[in-house]
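**Q** here is my input; please provide its structure:
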Amino acid sequence: MKTDGRQEGKDAYSRGEYKTALERWEPLAKQGDAKCQYNLGLMYFNGKGVDQDYSEALKWYRLSGEQGIVQAQLKLGEMCLQGEGVNKDIVQAHKWFNIAGASGDEDGRKNCGILEKSMTHAQIAEGRRLLEEWLAEHEQTGNIIGGTYWTDEEIDELNAFRIARKVEINNTLNIPHVSSDQIPIQPPKPDRNYLSDDALDRAVSGGAWGGGKGGRGGMKKGRGR
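**A** Sure thing, here's the model as predicted:
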C-alpha cells in the first residue's frame, strides 16, 4: 500500500537511513504520489541520501506542486526567486507563492506581498495572469485540496479568499474591484492538514528560510505542520 511505503520511508528517514527512505518513496513518487514527490524534492534539495541536485529537486517539487501540495509550491517560489535549479525569475516566484496563497496559505500571501514591493505593475499583472491560468487548468476535483478534505463551507470561504487576493492585486494596479464587504479578514483554512503529524516535514523544512543562505528579505518558507 502507498500509505505503508510512505510511513516506512518516513521511519527510515527519521533514523537517518536516507537510502532506505529513498527506496521506499521513489517508486511511489514515480507512480504519482504527491507527498512522496515532495519528500524526494526535499532529499535532493538538502542532499540527504542523494547528491544535492537543485534541478532534480525542482522536478519533484513541480510534480508535487502541480498536484496542489502547498509546501512544494512554496519551495518552487523560493527556488525561482533564488535561481536554484532554474534561472532567477521573480514573476514565476510570485506565481508559485500566489498559488499557495490562493489555497489559504499565510506564508504564500506574505511572500507575495513582499515580492510585490519590488515588482513593476506589469510584472504583477503577469503574475496574476499566470495564477488565473494555473487555477483554470487545475480545477479541484471534489473537496480534496492539497491532500486535505475541505467541507463545503470551507470551500465557500476559500473561494471568497481567492476573490480577495484578486482585489489586493487590483488595488496595486488601480483596477476597479468588488466591494470590500466581500473580503474575509483572515485566510480560511480547514482544521485538518495532511502534515499535521509529519515529523519529517517539521524536521527538514520547518521555521524560517534555512540552509545557511541568510538574507531572504523576511520571507517565510513552508511551515512545519
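**Q** and the strand or helix carrying residue 35, what does it pack onto?
**A** Assigned by DSSP states H and E, residue 35 belongs to helix 34-46. If you count contacts as 3 or more C-beta pairs under 8 Å, 6 or more residues apart in numbering; DSSP states H and E, helix 34-46 packs onto helix 2-14, helix 18-30, helix 54-66, helix 70-82, helix 199-205. To be clear about C-beta, it is placed using only N, CA and C from the backbone, and glycine gets the same treatment.
**Q** how about low-confidence regions in this structure?
**A** Along the chain, the model assigns pLDDT under 70 to residues 1-3, 139-156, 158-159, 162-225.
**Q** contacts only, for the residue lying closest to residue 89 once chain neighbours are set aside.
**A** Nearest residue to residue 89, sequence neighbours excluded (C-beta to C-beta, 6 or more residues apart in numbering): residue 80, at 5.0 Å. The contact partners of residue 80, by C-beta atoms under 8 Å, 6 or more residues apart in numbering, come to 86, 88, 89, 90, 92, 93, 96.
**Q** how close does the fourth one get to residue 123?
**A** Put plainly, it is residue 90. Distance of residue 90 to residue 123, given as C-beta to C-beta, to the nearest Å: 7 Å.
**Q** what sits in contact with each of those two?
**A** By C-beta under 8 Å, 6+ apart, no residue touches both residue 90 and residue 123.
**Q** first to last residue in stretch 111-127, what's the distance?
**A** Stretch 111-127 stretches 13 Å from its first residue to its last (C-alpha to C-alpha, to the nearest Å).
**Q** go on, stretch 78-90?
**A** In stretch 78-90, first residue to last residue: 10 Å (C-alpha to C-alpha).
**Q** and it, which residues are buried?
**A** 78, 79, 80, 81, 82, 84, 85, 86, 90 (16 or more other C-beta atoms under 10 Å).
**Q** identify the farthest-apart pair in those.
**A** Spanning the widest gap among these are 85 and 90, at 15.9 Å by C-beta to C-beta.
**Q** quick check: residue 132 vs residue 102, distance?
**A** 9 Å.
**Q** those two: who's more crowded?
**A** residue 102 (24 against 14; other C-beta atoms under 10 Å).
**Q** is it true that the more buried one touches residue 135?
**A** Yes: the pair residue 102 and residue 135 passes the contact test of C-beta atoms under 8 Å, sitting 6.5 Å apart.
**Q** how many residues are close by residue 44?
**A** Neighbourhood size, residue 44 [other C-beta under 10 Å]: 24.
**Q** my guess is it contacts residue 38. True?
**A** No: with contacts counted by C-beta under 8 Å, residue 44 stays clear of residue 38, the gap being 11.1 Å.
**Q** anything in contact with each of the two?
**A** Shared contacts of residue 44 and residue 38 (C-beta under 8 Å, 6+ apart): residue 60.
**Q** single out the most deeply packed of the helices and strands packed on helix 34-46.
**A** The highest average neighbour count among those, using mean count of other C-beta atoms under 10 Å, belongs to helix 70-82 at a mean of 26.
**Q** what angle do that helix and helix 34-46 make?
**A** Orientation of helix 70-82 against helix 34-46 (axes from the mean of the first three to the mean of the last three C-alpha atoms, to 10 degrees) gives an angle of 30 degrees.
**Q** got the angle between helix 70-82 and helix 54-66?
**A** 140 degrees.
**Q** okay, angle between whichever helix or strand comes after helix 70-82 and helix 70-82 too, please.
**A** Sequence order places helix 90-102 as the next helix or strand after helix 70-82, per DSSP H and E. Put simply, helix 90-102 runs at 160 degrees to helix 70-82, going by the same axes, to 10 degrees.
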